[in-house]
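Chemist: Build the 3D model from these lines:
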Amino acid sequence: MRRRAFTGWHMTGILVSFFLVVIAVNLTMARFAISTFGGTVVDNSYVASQNFNRWLATADHQRKAGWAATIKLERSRRVAIQLSHPVTAKGPVTLHAVASHVLGRADPVALSFHLTAQGLWQSQIPLPQGRWDVKLEAKQADSTARFQQVLG
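Modeler: From the prediction side, this is the model:
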């Protein structure tokens, strides 16, 4: 059996094939990255880092004041909130919430709530399919608490 000699044409074919595979993989990955990434978490990470300790202090103060919330998505796709609030605060609790699509593919949804017989706050409209970042602000008299939860 006679072996063929390895020539420059063979090496050229190997190199061209290798780089075609690399280019095809890079183009495929770039297409996936562009089609699935909907934006940034923060616009400026340096500015966000400057506020980080203040955010931690605010969260600690909120927890010590007695605010706590459990935010869940029910089967009906309505947002349900179990809220505990400071005993010292007087007056009604008001809730303001906005649900933003995690990838930015849908417009934000403003949520309004009603209090159920079980003591849960339930959104009046269901959320569409997908993952939603719910930002909640609860107020009672001069006490305010903010919560955030990704649902879906």
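Chemist: Could you pull out the helices in the chain for me?
Modeler: With DSSP state H, the ranges of helices along the chain come out as 8-36, 45-65.
Chemist: Nearest to H85, out of these?
Modeler: helix 45-65 (8.6 Å; C-beta to C-beta). Yep, even glycine has a C-beta here, placed from its N, CA and C like the rest.
Chemist: Please list the outside residues in contact with that closest one.
Modeler: Contacts to helix 45-65, defined as C-beta atoms under 8 Å, 6 or more residues apart in numbering, come from residues V42, P86, S143, A145, R146.
Chemist: Next: stretch 115-126.
Modeler: Residues outside stretch 115-126 that contact it (C-beta under 8 Å, 6+ apart) are 74, 76-83, 95, 97, 109, 111-114.
Chemist: got the helices of the chain as a markdown table, with distance to D133 columns?
Modeler: Output for the helices of the chain, formatted as a markdown table (distance: least, C-beta to C-beta, whole Å):
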| stretch | distance to D133 |
| --- | --- |
| helix 8-36 | 16 |
| helix 45-65 | 16 |
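Chemist: Dump those into a markdown table; add mean pLDDT as well.
Modeler: Formatted as a markdown table, the helices of the chain follow (pLDDT from 0 to 100):
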| stretch | mean pLDDT |
| --- | --- |
| helix 8-36 | 94 |
| helix 45-65 | 90 |
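Chemist: Redo those helices as CSV? Include distance to R131 and mean neighbour count.
Modeler: Converted to CSV, the helices of the chain look like this (distance: least, C-beta to C-beta, whole Å; neighbours: other C-beta atoms under 10 Å):
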stretch, distance to R131, mean neighbour count
helix 8-36, 12, 10
helix 45-65, 21, 11
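Chemist: how about those helices, which one is nearest G152?
Modeler: Minimum separation from G152 across the helices of the chain (C-beta to C-beta) falls at helix 8-36, 15.9 Å.
Chemist: gap between that closest one and the chain center?
Modeler: 33 Å (C-alpha atoms, centre = their mean, to the nearest Å).
Chemist: now, which of the contacts of stretch 115-126 sits nearest M29?
Modeler: V109 (32.1 Å).
Chemist: which residues sit in contact with that closest one?
Modeler: V98, A99, S100, I125, L127, P128, W132.
Chemist: No further questions, thank you.
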